[in-house]
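Visitor: I'll drop the sequence and a predicted model, then ask my questions.
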Amino acid sequence: MDEQGGATVVTGAAVAADVATGADDELNQQILDVLSELIKQAHDLGQGVAAGFGLTGSDAMALVKLDAPMTMKDLGLRLGCDPSFITTIADALEKHGLARREPSLRDRRSKNIVLTPEGVTVRGRIVSELAAQAPWCTTLDTGERRCLLGLLRKMIRPCGRR
């Protein structure tokens, strides 16, 4: 924009920049809206599948993440929750006969959570049920899912690695 004799003159480049900014803002809002809806759908799906097995969503997610014995601390990191909450999850999994706690071979102060044979079976059934219903599994072909995974990984790279 140029100032000429008190009147503001808007150049074509300035209008194009404003339109582009508005379009970007609208696009970003749409992405946020769609991602929020997808996260809500995934949460609701997880809760529903978990309930079908008599578990909470957190218990089912822990089963899915327990692809090998791991310390309670490591499971907390994988789930992104406070380590004290892992005790509640471990208690529930033990109560259902799906996991047990064992001393860690690496650190005697730590406990590993290990799936029982029943836990392995239930874990497999939960993973299958989620795959049968998850929108990325039911609406995207393999190439589209690979592309989506690449884009998601690109967005969650560690801070500072731009």
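Guide: Thanks, I have the structure now.

Visitor: Just give the number of residues close to residue 120.
Guide: Neighbour count for residue 120, taken as other C-beta atoms under 10 Å: 16. Placement of C-beta: from N, CA and C, glycine included.

Visitor: Need the pLDDT of it.
Guide: Looking at residue 120, its pLDDT is 97.

Visitor: For it, give me phi and psi.
Guide: According to degrees, to the nearest 10, the main-chain angles of residue 120 amount to phi -60, psi -40.

Visitor: got it, and residue 111?
Guide: According to degrees, to the nearest 10, residue 111 has phi -120, psi 140.

Visitor: And for residue 82, the neighbour number?
Guide: Using other C-beta under 10 Å, residue 82 has 10 neighbouring residues.

Visitor: ugh, wrong one, I meant residue 67
Guide: For residue 67, the neighbour count with other C-beta under 10 Å is 12.

Visitor: just the one 5 residues further on next, same as before
Guide: Other residues lying near residue 72 total 20 when counted by other C-beta under 10 Å.

Visitor: mind checking the longest helix of the protein?
Guide: helix 12-52 (DSSP state H).

Visitor: Return the set of buried residues in the next helix or strand after it.
Guide: Next in sequence after helix 12-52, counting helices and strands by DSSP states H and E, comes helix 57-65. Residues of helix 57-65 classed as buried: 57-65 (neighbour count, 16 or more other C-beta atoms under 10 Å).

Visitor: Turn those into a markdown table, columns for distance to residue 34 and pLDDT.
Guide: Formatted as a markdown table, these follow (distance: C-beta to C-beta, whole Å; pLDDT from 0 to 100):
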| residue | distance to residue 34 | pLDDT |
| --- | --- | --- |
| 57 | 22 | 94 |
| 58 | 25 | 94 |
| 59 | 29 | 96 |
| 60 | 25 | 96 |
| 61 | 23 | 95 |
| 62 | 28 | 96 |
| 63 | 29 | 95 |
| 64 | 24 | 95 |
| 65 | 26 | 95 |
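
Visitor: so where's the chain shaky on pLDDT?
Guide: 1-20, 158-162 (pLDDT under 70).

Visitor: From the buried residues of helix 57-65, pick the one nearest residue 133.
Guide: Nearest to residue 133 out of the buried residues of helix 57-65 is residue 60 (C-beta to C-beta; 13.1 Å).
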